[in-house]
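K.L.:
quick one: sequence plus predicted model below, questions after.
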Amino acid sequence: MKRLSAFIKRRKWIAAFLLLILVLGIGFAAAKGGNGVTELTVERRMVVQEVTVSGKVKPVESVDLAFEKTGKVSTVTVKVGAKVQPGVRLISLDSTELYANLLQAKANLSSESAKLAEMKAGTRSEEILVYEAKALNAEFALSDARKNLEDKLVDAFTKSDDAVRAKADQFINGAIAQVGDGQLKASVEQGRAAIEVVLDEWAGISAVIESETDPAPIISIVQRNLLQIQAFLNKAGLAVNGLTASVSLSQTTIDGYRSDVSTARTNVNTAITNLSTAVEKWNNAETSFAIAARELDLKRAGSTPEAIQSQEANVEEQEAAIASIEAQLARNSLTSPIRGTVTLLDVKPGEIVNAGTKVVSVISEDALEIEAHVSEVSVGKVAVANPVRITLDAFPGESFPGKIIYLEPAETIIDGVVNFKVKASFDSPDPRLKSGLTANVYIETAKKESVIAIPRYAVETRESKFFVNIRGIDGRQAEREIVLGLQSVDGFVEVISGLSEGEKILVALKK
């Protein structure tokens, strides 16, 4: 009884319809004889089964938007109630620094792309001419350095020969016997004999210096000879400085010897310095020429596949940097993902917003749906795509066609009762429809055309079986068991078996 009472309360119009039929039936019976029976003819008709639920109109889409990072709001382009299209910018954060970084990244990309294009195109003929000129200059510089080296090698022999034979020998031949230090005297005399051999061999070397392709061996010999002569002259200088004037050796003569030996030592030291400088110049010129020649070869050969691949990687790196900055810029703006209406705007220009904080909401404008709940008892009758008839409290007397678009598989407990969420859509948009309106949804769960149907009040129920009273052939009243099918929304019920079209059923009317 409680369920029946609830059913009737939820379906007031059905109850009113049934009451009307009952009143008409009673009146008809009264017209036929007061406390008698009503006789009804079994007919075929359409039977429609419905499940009725109540719910709210809601937008199909509703989005709450927030920034992914904290920042300062620079622009707000909408107001609450504004109509927006997908992709329309709603709010932006300050992006001055990001735009500067983007310009720099694009400049870097242009530079790297230009290098890559140049590498792929190969070296221009004008550039090769430049490197050919550099290589030629380096070759001239190397030739000059070689000639200077040869001159210094020859000059080293000339200075050494003069220092020993023209200057030091005057002292040795004229006054070596006057040296008081016998050990020093012997060392000078032995050194002079050894130097003679060196000078003789050196004279032969000097004659072939220009013909040697690699002067390194001659340089080594000459440097060794110069050091040996330098050592000899140092001892000769000690010896001559130890002389004293005597009857056979005047001071003037001694001073002359000392001057000659000093000059000899200076000339040899100069030869050593000059040769060292010439060798360094020659080495540098040789290195510079080798580099210039290698650069020319590289320019003529063009870039290697490995070098081009490396430069391509540089270009891709700059492209990735640009993509990263552009992604950050995109995250600095909130755009509407749907066509709809702004319902919330909780920020102003200049404010600092935190990451993840909802600042704007948008609901779909035309795409509305109704969300309701079907009881556990009725959910088995409902299926997606069932047609529905929708009435709204805001528009009495009107109904809107639609269909079931969603039936939640899991239950929802409401006040301890098991229910299942359903969603119904409108077949066509209506500018009058708004989110939040209260709606009654009549779900057509089954429909049969031209089936035998009788008023539900004419059926008696006993022990889960159904019976009707009929008038037999002999005119007497008899009871017959029937099998029922669909319960129609208009108070009729389908009779699957037990009655035939045209038969008469009797309905007893109580006082």
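P.N.:
Yep, it's here.
K.L.:
and the pLDDT at I26?
P.N.:
I26 carries a pLDDT value of 39.
K.L.:
whoops, R456 was the one
P.N.:
Reported pLDDT for R456: 92.
K.L.:
and the one 3 residues further on, by the same measure?
P.N.:
In this prediction, V459 carries a pLDDT score of 93.
K.L.:
got the contact list for it?
P.N.:
By Cβ atoms under 8 Å, 6 or more residues apart in numbering, V459 lies in contact with 466-468, 482, 484, 493. The C-beta positions use only the backbone N, C-alpha and C, and glycine is treated the same way.
K.L.:
filter those residues to the buried ones?
P.N.:
When these are checked for burial by 16 or more other Cβ atoms under 10 Å, the buried set is 466, 468, 482, 484, 493.
K.L.:
ok, those vs G87, which is closest?
P.N.:
Nearest to G87 among these: V493, at 55.0 Å, using Cβ to Cβ.
K.L.:
residue ranges of the helices in the stretch 251-400 of the chain, please?
P.N.:
Taking DSSP state H, counting those that start in this stretch to define them, one finds helices in the stretch 251-400 of the chain at 251-301, 305-331.
K.L.:
winner for burial among those?
P.N.:
Mean neighbour count (mean count of other Cβ atoms under 10 Å) peaks for helix 251-301 among these, with a mean of 17.
K.L.:
report the angle between it and helix 305-331.
P.N.:
70 degrees (axes from the mean of the first three to the mean of the last three Cα atoms, to 10 degrees).
K.L.:
in its sheet, what does the helix or strand K403 falls within sit against?
P.N.:
According to DSSP states H and E, K403 maps onto strand 400-407. Sheet pairing of strand 400-407 (DSSP bridges) gives strand 387-392 (antiparallel), strand 417-426 (antiparallel).
K.L.:
what residues sit buried inside the longest one?
P.N.:
Of the residues in strand 417-426, 419-426 count as buried by neighbour count, 16+ other Cβ under 10 Å.
K.L.:
how about those residues in a markdown table, adding distance to D474 and pLDDT?
P.N.:
Formatted as a markdown table, the buried residues of strand 417-426 follow (distance: Cβ to Cβ, whole Å; pLDDT from 0 to 100):
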| residue | distance to D474 | pLDDT |
| --- | --- | --- |
| N419 | 53 | 93 |
| F420 | 52 | 93 |
| K421 | 57 | 93 |
| V422 | 52 | 93 |
| K423 | 57 | 93 |
| A424 | 53 | 93 |
| S425 | 57 | 90 |
| F426 | 57 | 90 |
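K.L.:
next, the buried residues of stretch 228-243.
P.N.:
Of all the residues in stretch 228-243, those buried under the rule 16+ other Cβ under 10 Å are 229-230, 232-233, 235-237, 239-240, 243.
K.L.:
how far out from the middle of the chain is that stretch?
P.N.:
Distance of stretch 228-243 from its chain centroid, counting by Cα atoms, centre = their mean, to the nearest Å, is 82 Å.
K.L.:
about what we covered before: compare the strands paired with strand 400-407 and give me the one nearest S211.
P.N.:
strand 417-426 (104.9 Å).
K.L.:
right, I'll leave it there.
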